[in-house]
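Novice: Take this sequence and fold it.
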Amino acid sequence: MAIGALVAVACLFAIIGRLNGGTEAGAWTVAYAIGLASATPGVELARRGRTRWALMATVMGAVGATLGNALP
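Specialist: Residues are numbered from 1 along each chain as shown. Alright, predicted model coming up:
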């Protein structure tokens, strides 16, 4: 549960940090937003005991964050 929240917060801070840094919004914004949107339900899924679904949501969030880092 904590890892899903950590991935979601990392995506949120990455979006805020890059936008404050003067970088124009582009494909990286969408990638981070997908990471944020898919990692957030992982917290609730883990709390309800749906650990496989929570893991899948957290992994999708991490993939979105990694893709956001790779895009210019």
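
Novice: I3 against V59, yeah?
Specialist: No: assessed by C-beta atoms under 8 Å, I3 is found out of contact with V59, at 9.9 Å. C-betas here are computed from N, CA, C, even on glycine.

Novice: Show me where the chain has its helices.
Specialist: Remark: helices assigned in the chain by DSSP state H are 2-20, 27-47, 51-70.

Novice: need those in JSON lines with mean pLDDT and mean neighbour count, can you?
Specialist: Below are these laid out as JSON lines (pLDDT from 0 to 100; neighbours: other C-beta atoms under 10 Å):
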{"stretch": "helix 2-20", "mean pLDDT": "87", "mean neighbour count": "16"}
{"stretch": "helix 27-47", "mean pLDDT": "89", "mean neighbour count": "19"}
{"stretch": "helix 51-70", "mean pLDDT": "91", "mean neighbour count": "18"}
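
Novice: now A70: how far from T51?
Specialist: Separation of A70 from T51 (C-beta to C-beta, to the nearest Å): 28 Å.

Novice: do A39 as well
Specialist: 15 Å.

Novice: Repeat that for Y32.
Specialist: From Y32 to T51 the distance is 25 Å (C-beta to C-beta).
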